[in-house]
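**Student:** coords please:
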Amino acid sequence: MEWIHKARFYLKAEKNQSDLRCYRITWLSLPNSSYDPTDCFEEGGPYGHWYGGGRTLGMAWPVELGRVEMSPFVTGYIGRQRWGATLRRYFLSSMGVAILVDPDTSLYVSINDQVNPNKLCLQAKNDDFAYYKNSNRNPSLNYTICVSSNIKTLHSELSRKSLWDQRSEWQESVDNKEIDSLLIEPVYQIASQDQNLTEATVQNYTENIIALGFLKQGHVLLNEHWQPHVGDFKFDPVRFSTMKDTIRMIHRRGFRITLSVQPFIETESENFPHTVKENMLITERGSDKRIPALTRYKSLLSAGMFDVTSNKTVHWLQSKLRQLVAEYNIDSFFLDLGTAYDMPRYHAFKRNLSNPDEFKTQFVDHLIRSVNISGLSGAIYRPPAPVFVSLPVLPSTWESLQLIIPTALTYGIIGYPFLLPGPVGGDYSLESTDPSKEAWLPDKELYIRWLQLSTFLPVIRYSHLPSEYTTDKMVLDLARNLTRLRENTINELLLKYKKEALLTGAPLIRPLWMLDPSDSNCYTVSNEFLIGEELLVAPILNPGTFERELYLPAGFWRDGIDGSKKRGPITLPHYRVQLHEIAYFRKIPENAAGVKRVNPTP
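**Tutor:** Below is the predicted model:
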């Protein structure tokens with residue numbers, strides 16, 4: 001089908017499997033046409049609810065409750081750009097419809113914007129930043145649309161068929177122990193910056209963990225400041241003069257050590273002249289290829305980026321990391337990848353990529369072949385297990401706490417089952433004007449509610465230990481009780497559903513509609529989640545709040561607070577939850593329930 005002087009449309013039915021029917025769609029802008037192919041899909045109300053894509057401002061669940069102006073579908077920073085650090089070209093509707101956009105499409109996306117309200121819109125559009133590679137050809141919008149009887153069946157089929165198609169040789173032989181260790185052992189993120197990060201800091205932190213007597217030894221994560229300059233790939237000789245001995249001591253205590261590394265290199269790094277001389281860095285289009293393009297990242301005012309499309313660069317990076325492992329017995333690395341917008345605007349690789357985010361996948365795939373990678377700061381494709389994907393960096397606020405569940409649900413739906421949440425209480429504290437509060441600590445009530453939620457997430461990550469709240473024994477007692485709950489109940493479930501995630505791509509943290517896709521009430525619940533199909537969690541997410549409304553889908557449920565049994569579907573409008581409690585319910589077989597259906601008390 002052709003629109004004269006505008007675009008050509010192709011539709012092709014794919015080979016159908018079981019209940020799944022898929023169609024290939026291509027919109028091709030014709031030569032000398034300025035048309036950017038665009039397709040929009042109604043959302044909300046009778047048109048169903050949409051999910052997927054990735055991190056957005058406000059993290060609406062479902063997506064039509066938020067707004068995203070038409071913008072390139074590449075990773076960025078929420079507030080400065082429209083999309084966050086973890087994305088997937090996958091959108092899913094409660095009407096049993098899914099969209100998968102081809103990786104070579106110059107994709108722009110809008111959700112409920114002013115031009116197209118109440119619509120999810122896809123557009124193919126070339127530009128001079130994200131999609132400059134395609135600028136010499138007319139834009140083409142290529143995607144697959146699939147339909148099935150319901151959203152659960154559809155997503156399950158596509159998880160097997162499409163979202164989980166990244167298997168590889170090293171994936172098949174993955175050691176389950178690496179995944180298990182992150183699920184059952186905490187991550188301890190030492191938050192000291194720059195010169196404050198020292199051997200003594202690491203030693204004291206691990207001693208404080210052991211002194212508590214109830215927290216498991218786990219993974220000690222050091223940020224990029226373990227180096228004199230980012231890109232040195234060696235410990236600072238002043239602040240870590242005897243780090244070999246310290247790491248041996250950490251290992252004897254039962255901890256593992258993880259180092260953060262980046263695809264950036266400071267211009268002050270001792271390795272920078274060598275990488276320039278050997279043409280290992282990204283350059284600028286139209287400029288001398290011997291001169292690297294510079295950018296900024298976090299606290300780095302001037303930095304180059306490694307060109308991982310170059311074999312020479314890849315071998316050099318692999319060698320540096322293997323040397324660290326051999327010399328210091330490093331257990332794993334965390335890849336702090338940045339976003340598309342951290343690249344020089346007119347970046348040029350030795351081998352062209354379809355968009356700047358492909359860089360992340362290349363970086364991960366090359367390094368995981370030579371060293372252990374435990375986590376990533378972001379992704380556009382599912383990394384090989386046992387690599388976990390981080391939830392976004394969040395300030396220590398109640399608004400941040402409210403973002404965690406919809407973000408975890410979205411990441412799980414778009415193909416990232418193994419999630420690494422941020423530290424309990426937030427990644428960084430906003431300055432407090434209350435002199436009665438202990439300095440440098442998150443608000444106590446916020447910390448408690450955050451810890452309660454984190455207890456049920458795939459990984460618990462600490463920066464501030466509960467013992468730092470020295471004026472209130474309640475925090476420590478609560479942490480002890482939650483640790484016991486984690487070890488006795490939650491870990492077993494996570495390990496069980498880990499196996500399903502590896503086989504089928506199903507998320508560990510699931511939306512309620514994955515339990516009952518026929519229940520329309522489940523489609524808009526954004527403050528509850530399931531672990532697999534057995535445990536429903538409904539935390540308190542607002543300050544000074546000791547009751548909440550919660551929804552239980554069909555089935556019989558045992559209350560985790562008082563042990564009572566309830567039959568769903570049912571709404572509990574005023575469910576009481578004290579500060580030391582978190583609402584959770586275990587699904588039980590009907591023959592073990594022994595309860596009658598009752599109406600909730602208003």
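**Student:** Can you name the residues in contact with the helix ranked longest in the chain?
**Tutor:** Using DSSP state H, we find that the single longest helix of the chain is helix 311-328. Around helix 311-328, the neighbours that count as contacts under Cβ atoms under 8 Å, 6 or more residues apart in numbering are 233-235, 243-244, 247, 257, 259, 261, 275, 278-281, 306-308, 330, 333, 366-367, 369-371. Every residue, glycine included, has its C-beta placed from N, CA and C.
**Student:** Need the mean per-residue confidence for it.
**Tutor:** Along helix 311-328, the predicted local confidence has a mean pLDDT of 98.
**Student:** following that helix, which helix or strand shows up next?
**Tutor:** Following the chain from helix 311-328 toward its C-terminal end, the next helix or strand by DSSP states H and E is strand 332-335.
**Student:** partner strands of that following strand, parallel or antiparallel?
**Tutor:** Taking DSSP bridges as the criterion, strand 332-335 forms sheet pairs with strand 256-261 (parallel), strand 373-376 (parallel).
**Student:** Could I get those in a markdown table, plus columns for distance to L154 and mean pLDDT?
**Tutor:** Below are the strands paired with strand 332-335 laid out as a markdown table (distance: least, Cβ to Cβ, whole Å; pLDDT from 0 to 100):
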| stretch | distance to L154 | mean pLDDT |
| --- | --- | --- |
| strand 256-261 | 37 | 98 |
| strand 373-376 | 27 | 97 |
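**Student:** Of those, flag the one that's most buried.
**Tutor:** A comparison of the strands paired with strand 332-335 by mean neighbour count, using mean count of other Cβ atoms under 10 Å, puts strand 373-376 on top with a mean of 24.
**Student:** chain center to the next helix or strand along the chain from that strand: distance?
**Tutor:** Per DSSP H and E, the first helix or strand lying C-terminal to strand 373-376 is strand 388-390. The gap between the average C-alpha position of strand 388-390 and the chain average comes to 5 Å, counting by Cα atoms, centre = their mean, to the nearest Å.
**Student:** Which strands and helices lie in contact with strand 388-390?
**Tutor:** In terms of contacts (3 or more Cβ pairs under 8 Å, 6 or more residues apart in numbering; DSSP states H and E), strand 388-390 is packed against strand 83-93, strand 373-376, strand 419-420.
**Student:** Please render these as JSON lines that adds distance to I99 to the earlier fields.
**Tutor:** What follows is these, written out as JSON lines (distance: least, Cβ to Cβ, whole Å):
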{"stretch": "strand 83-93", "distance to I99": "5"}
{"stretch": "strand 373-376", "distance to I99": "25"}
{"stretch": "strand 419-420", "distance to I99": "23"}
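**Student:** Which among the ones you listed is found nearest to S18?
**Tutor:** strand 83-93 (17.7 Å; Cβ to Cβ).
**Student:** what about the closest one, average pLDDT?
**Tutor:** For strand 83-93, the mean per-residue pLDDT is 97.
**Student:** What helices and strands are in contact with it?
**Tutor:** On the basis of 3+ Cβ pairs under 8 Å, 6+ apart, strand 83-93 makes packing contacts with strand 50-56, strand 97-101, helix 151-158, strand 388-390, helix 398-413.
**Student:** what about dumping the CA coordinates of the helix or strand hosting L485 to CSV?
**Tutor:** L485 belongs to helix 473-485 when elements are defined using DSSP H and E. Below are the C-alpha coordinates for helix 473-485, written out as CSV (Å, rounded to 0.1, in the frame of the first residue of the first chain):
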residue,chain,number,x,y,z
LYS,A,473,16.7,0.8,69.3
MET,A,474,13.5,0.2,67.3
VAL,A,475,15.4,0.4,63.9
LEU,A,476,17.8,-2.3,65.0
ASP,A,477,15.2,-4.6,66.3
LEU,A,478,13.1,-4.2,63.2
ALA,A,479,16.1,-4.9,61.0
ARG,A,480,16.7,-8.1,62.9
ASN,A,481,13.1,-9.3,62.5
LEU,A,482,13.1,-8.4,58.8
THR,A,483,16.3,-10.3,58.3
ARG,A,484,14.8,-13.3,60.0
LEU,A,485,11.7,-13.0,57.7
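**Student:** And it, what does it pack against?
**Tutor:** Using 3+ Cβ pairs under 8 Å, 6+ apart as the contact test, the elements touching helix 473-485 are helix 444-454.
**Student:** outside of the helix it packs on, which residues touch it?
**Tutor:** The list of residues contacting helix 444-454 from outside it, by Cβ under 8 Å, 6+ apart, reads 396-398, 401, 404-405, 421, 424-426, 437, 441-442, 460-461, 464, 466, 469, 472, 474-475, 478-479, 482, 537, 539-541, 543-544, 579-582.
**Student:** Are any of the residues you listed buried, and if so which?
**Tutor:** By the neighbour-count criterion of 16 or more other Cβ atoms under 10 Å, the contacts of helix 444-454 include these buried positions: 396-398, 401, 404-405, 421, 424-426, 441-442, 460-461, 464, 466, 469, 475, 478-479, 482, 537, 539-541, 581-582.
**Student:** taking the contacts of helix 311-328 one by one, which sit in helices?
**Tutor:** For those, membership in helices holds for M243, K244, I247, T275, H366, L367, with DSSP H as the criterion.
**Student:** residues near the first one, how many?
**Tutor:** Applying other Cβ atoms under 10 Å, we find 21 residues neighbouring M243.
**Student:** residue boundaries of the helices in the chain?
**Tutor:** 151-158, 169-172, 176-184, 199-212, 243-252, 272-277, 311-328, 358-367, 398-413, 444-454, 473-485, 491-504.
**Student:** want to try CSV for those helices, with distance to L20 as columns?
**Tutor:** Converted to CSV, these look like this (distance: least, Cβ to Cβ, whole Å):
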stretch, distance to L20
helix 151-158, 5
helix 169-172, 24
helix 176-184, 29
helix 199-212, 48
helix 243-252, 49
helix 272-277, 48
helix 311-328, 38
helix 358-367, 26
helix 398-413, 17
helix 444-454, 35
helix 473-485, 39
helix 491-504, 14
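**Student:** Looking at these, which is nearest to S518?
**Tutor:** Between S518 and the helices of the chain, the shortest gap by Cβ to Cβ is with helix 151-158, which sits at 9.2 Å.
**Student:** buried residues in that closest one?
**Tutor:** When burial is assessed from 16+ other Cβ under 10 Å, helix 151-158 yields the following buried residues: I151, K152, L154, H155, S156, E157, L158.
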